[in-house]
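Please work out how this folds:
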Amino acid sequence: MNIGIIGLPKSGKTTIFNALTGQNAEVTEYSSGKVEPNVAIVDVGDERVDRLTEMYKPKKTIYATTEFIDFVSAASGAGKQGGIFSSEGMTLVKTADALLIVLRNFSKESLDESFGKADPERDLETIQSELMLADQIITERRISRIEADHGRGKKTPQSQLEEKVMRRILSALEEGNWIRTIEFTAEELGVISGFRFLTAKQALIVLNSGEDNYGKNSVLLEKLGEKYPALEFAGNFEMELSQMSKEDAEVFMADMGITSSARNRLTSFAYSLLGYISFFTVGEDEVRAWTIRKDDSAITAAGAIHSDLAKGFIRAECFSYDDLITYGSEKGLREKGHFRLEGKEYKVKDGDILNIRFNI
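Numbering: from 1, shown residues only. Sure, this is the predicted structure:
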């Protein structure tokens, strides 16, 4: 899973990136001229993996991972908001599975003078407009190309279907709706999948507050949440926490009323929102968490481990993490009848522990 972090200039995107990843990407008050995105892959904290490691004492433990990509905002002059992407970033952000929209909700005299006082609702409207405009340009260009082909006699059932879908998309965008709100058939999704439209992606909001107003924005969060799921972070504070030892961080988190790290809160939130789940493989050599989509089949899970397991799939030996904890061992859950053999169509559940039987 990878999440693209976007926002208007000086919204604190890189601060949030550092808080989530523990990195030290440069945070400046003024444009640095940097165009490459900041990228980091981080472990997804999971107490179940920790518990399984204690039980199996493997040689290696591997957590599920999330990739965070901090896209560089377009350069902007004093008093201008600028764009949410550089030209390079506009291309790269299409590779993200989801968008994390950072909204500035803190005051700083120099930023207030250059960009105006913090107004998250206004900034969200600006970002929405830019995303929809980017998709609208792509859609209009594609429609024009299809029309030109049809005018030259190059009309096929596929091109006619694509034109129909593109016109539906254009109509939705012109009405101010994201593409992800449109219902498509599987065939229609196949037609548009290669375009990687920005507004077809799931979006989450991080309200980036200051230490002085953190935890005092319930009404604002509720308003923002009417459009996209929203979380509040105290960005600078969270960035400092990510650089501390676990013990010191816990003390300061308690003072701020923060129950878990920004990374853990966001990844848990994103997993649930985006429909991802974790299953596990266990043994003396390795305990590992794997990421798949909710309702993915056992054969899909096998393929996530290795393509050969999917090709030669026979059965999946399966039991749940909760049952393992309840009965204390594999032997205990076998005796209680909680050890199962599942076929390729079995829908894997969050917390399942699998061992794939295969033959090639």
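
Strands of the stretch 51-200 of the chain, start to end?
Per DSSP state E, counting those that start in this stretch, the stretch 51-200 of the chain carries strands over the ranges 60-62, 65-70, 98-105.

partners of the shortest one in the sheet?
This points to strand 60-62. Using DSSP bridges, the strands paired with strand 60-62 are strand 286-293 (parallel).

what's the average pLDDT for the helix or strand that the strand it pairs with is followed by?
Next helix or strand after strand 286-293 toward the C-terminus (DSSP states H and E): helix 298-305. For helix 298-305, mean pLDDT rounds to 96.

what angle sits between helix 298-305 and strand 286-293?
For helix 298-305 against strand 286-293, the angle between stretch directions is 120 degrees (axes from the mean of the first three to the mean of the last three CA atoms, to 10 degrees).

And the contacts of helix 298-305?
Residues external to helix 298-305 that are found in contact with it (CB atoms under 8 Å, 6 or more residues apart in numbering): 279, 281, 290-293, 309-310, 313, 316, 318, 342-348, 354, 356, 358. For the C-beta atoms, the positions are set from N, CA and C on the backbone; glycine is no exception.

Repeat that for stretch 183-190.
Applying CB under 8 Å, 6+ apart, the contact partners of stretch 183-190 are 161, 165, 192.

Show me how to select, in ChimeraX, the buried members of the residues you listed.
Selection of the buried residues among the contacts of stretch 183-190 in ChimeraX, burial being defined by 16 or more other CB atoms under 10 Å:
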select :165,192
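
among the contacts of stretch 183-190, which are in helices?
Cross-referencing the contacts of stretch 183-190 against helices under DSSP state H gives 161, 165, 192.

Test my guess that residue 142 contacts residue 166.
Yes - with contact defined as CB atoms under 8 Å, residue 142 reaches residue 166; the gap is 5.5 Å.

Around residue 24, count how many other residues there are.
Look at residue 24: counted by other CB atoms under 10 Å, it has 11 neighbours.

residue ranges of the helices in the stretch 101-250 of the chain, please?
109-115, 120-151, 157-174, 186-192, 218-225, 235-242, 246-256 (DSSP state H, counting those that start in this stretch).
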